[in-house]
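Undergrad: here's my sequence, what's the structure:
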Amino acid sequence: MDKERQKIFFDRLIVLFLGMIIFSIPVSIAMTNLSIALAGTAWLVKKILSKDFKIKKNPLNLLLIGFLFISAVSLISSVDMRASIKGLQRLLKYFLIFYVFIDTVNDFKKMRMILWFALAGLALVSIDGLYQFFAGKDFIRGFPAFMEPESGPIHFSFSRLTASMHNPLDLAVYLMSLIPLALILGLYYPLKKGIKAVIFAVVVIALFCLFNTFYRAVILELAVLLVFFSVLKKDYRPLMILFILLLAGLAFIPAPILQWALDNSNPYDFFIEQGGRRVHWATALSMIKANPFLGVGLNTFSDNYDYYKPVGFSYSKWYAHSSYLQMAAEIGLIGFIFFIFIVTKSMRMALKKIKQCGRTEEKTIILSLFFGFLGYLIGALMESSLQYSNPAILFWTLLAMLSSAGMIIGKRFEAQG
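TA: You can find the predicted model right below:
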């Protein structure tokens with residue numbers, strides 16, 4: 001096998017494994033980790049055989065190195081070195097995904113292949129969630145729907161969909177990321193009518209599942225996402241979809257929940273205060289105040305929780321219910337600033353490429369990735385998704401896809417210039 005055919009073979013193999021990563025995120029942690037291992041191994045073998053050990057340059061390199069370095073330095077403050085080392089190992093795994101993706105996915109043909117895997121995963125988990133709604137448990141892993149206890153703020157016991165994921169909030173963040181991606185591809189990408197109809201059907205089922213996670217903040221998050229998209233694209237169909245969703249949602253909300261919402265005049269309590277966020281956020285802020293530079297140590301938030309929580313609360317060893325507050329508490333404000341620069345630079349580059357790109361198909365792909373990534377970021381405001389295994393992998397995969405798409409367009413402009 002000559003070198004060119006060898007490269008094509010390994011590139012196709014790696015793309016297959018990268019596609020399996022994003023497909024398996026809502027299905028199985030074991031399958032996701034196996035796919036990462038296979039993608040990393042195939043990438044390493046390709047590098048060895050081609051004797052090319054260079055890491056492809058990208059605009060985020062220095063920021064990523066800085067973020068990794070500060071995360072490692074935060075171990076100095078750790079109260080549980082084993083937990084922090086485990087967190088560092090996870091971070092290295094996420095970096096592996098990012099760099100394998102950047103090095104391999106260098107054209108939109110490969111990107112489209114991975115997007116089909118993403119849509120297939122969304123379809124599978126949405127159908128699984130719908131099945132769980134009627135059967136009481138999902139068909140992939142046999143998980144029952146999460147039962148909200150009667151002792152909660154609504155004083156009414158009700159079930160919340162998880163599909164094959166471990167809790168309803170994980171499912172909500174996943175759907176918040178993939179629904180915008182699928183909706184934009186369905187609206188604007190040139191596809192056969194039958195395929196578009198299937199995508200829209202998947203979006204409707206996914207929205208139904210998202211609604212039935214009863215993640216209250218999702219109403220606010222979807223509104224922000226759709227309004228921003230409508231203004232950017234100058235297309236007001238998404239706002240019509242939002243209006244229809246709100247009307248349809250009122251018809252499906254259980255009467256006790258609707259009555260609680262009508263009686264609750266405090267927007268903070270309705271949209272945000274779910275699962276004790278007021279206490280968890282106060283705890284995170286206490287950690288940041290006490291350890292502003294290096295934090296309390298990577299992956300040790302729950303270990304430090306009881307020491308920093310407000311006096312008189314029974315919560316113990318919780319997460320922050322905000323990815324950003326938890327990150328700032330664990331690795332300090334310096335590491336958090338590196339993370340913010342990574343996110344903002346990747347989004348600014350994507351917006352620039354969206355404006356530059358004249359090809360409808362490619363513009364639609366990068367636009368869908370941008371809003372999928374933005375959906376994740378909004379969802380992470382009120383859930384520690386960056387600290388959970390598979391939801392965190394989704395973030396780094398979307399970041400890699402968005403960065404790769406921007407680099408492909410940028411490379412073409414350089415060649416033309």
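Undergrad: right, and A284 touches S323 too?
TA: No - applying C-beta atoms under 8 Å as the test, A284 and S323 come out as separate, 10.6 Å apart. Where you see a C-beta, it was placed from the backbone N, CA and C, and this is true even at glycine.
Undergrad: low-confidence stretches in the stretch 51-200 of the chain?
TA: 148-158 (pLDDT under 70).
Undergrad: which stretches in it count as strands?
TA: 146-148, 158-160 (DSSP state E, counting those that start in this stretch).
Undergrad: neighbours around the closest residue in space to L183 that isn't next to it in sequence, how many?
TA: Using C-beta to C-beta, 6 or more residues apart in numbering and skipping residues adjacent in sequence, the residue nearest L183 is V203, 5.3 Å away. As a burial measure, V203 scores 25 neighbours (other C-beta atoms under 10 Å).
Undergrad: same thing with the one 5 residues further on?
TA: Residues lying near F208 (other C-beta under 10 Å) number 18.
Undergrad: chain neighbours aside, what residue packs nearest to it?
TA: L130 (6.7 Å).
Undergrad: helices of the stretch 1-150 of the chain, residue ranges please.
TA: With helices called from DSSP state H, counting those that start in this stretch, the stretch 1-150 of the chain shows them at 3-24, 29-50, 61-73, 81-104, 108-135.
Undergrad: quick one, the third one and helix 81-104 angle?
TA: Helix 61-73 and helix 81-104 are oriented at 170 degrees to each other (axes from the mean of the first three to the mean of the last three C-alpha atoms, to 10 degrees).
Undergrad: what's in contact with helix 61-73?
TA: Residues outside helix 61-73 that contact it (C-beta atoms under 8 Å, 6 or more residues apart in numbering) are 55, 87-88, 91-92, 95, 98, 294, 298, 331-332, 334-335, 338-339, 341-342, 345.
Undergrad: again, only using 6 Å
TA: The contact list for helix 61-73 (C-beta atoms under 6 Å, 6 or more residues apart in numbering) reads L91, L298, I331, I334, G335, F338, F339, F341, I342.
Undergrad: and what of stretch 23-37?
TA: With C-beta under 6 Å, 6+ apart, stretch 23-37 has contacts from 17, 20-21, 117, 120-121, 125, 140, 164-165, 174, 389-390, 393-394.
Undergrad: quick check: buried residues in that stretch?
TA: Of all the residues in stretch 23-37, those buried under the rule 16 or more other C-beta atoms under 10 Å are F23, S24, I25, P26, V27, T32, N33, S35, I36.
Undergrad: gap between the two ends of that stretch?
TA: 15 Å (C-alpha to C-alpha, to the nearest Å).
Undergrad: which parts of the stretch 251-400 of the chain are helices?
TA: Going by DSSP H, counting those that start in this stretch, the stretch 251-400 of the chain shows helices at 255-263, 267-271, 277-290, 301-308, 323-356, 360-379, 389-416.
Undergrad: would you single out the least confident of the ones you listed?
TA: Across these, helix 267-271 has the smallest mean pLDDT, namely a mean of 57.
Undergrad: quick one, domains of this protein?
TA: 1-54, 63-104+286-417, 108-275 (automatic domain parsing).
Undergrad: from G129, how far out is V202?
TA: Look at V202 and G129: by C-beta to C-beta, to the nearest Å, they are 11 Å apart.
Undergrad: alright, calling it a day.
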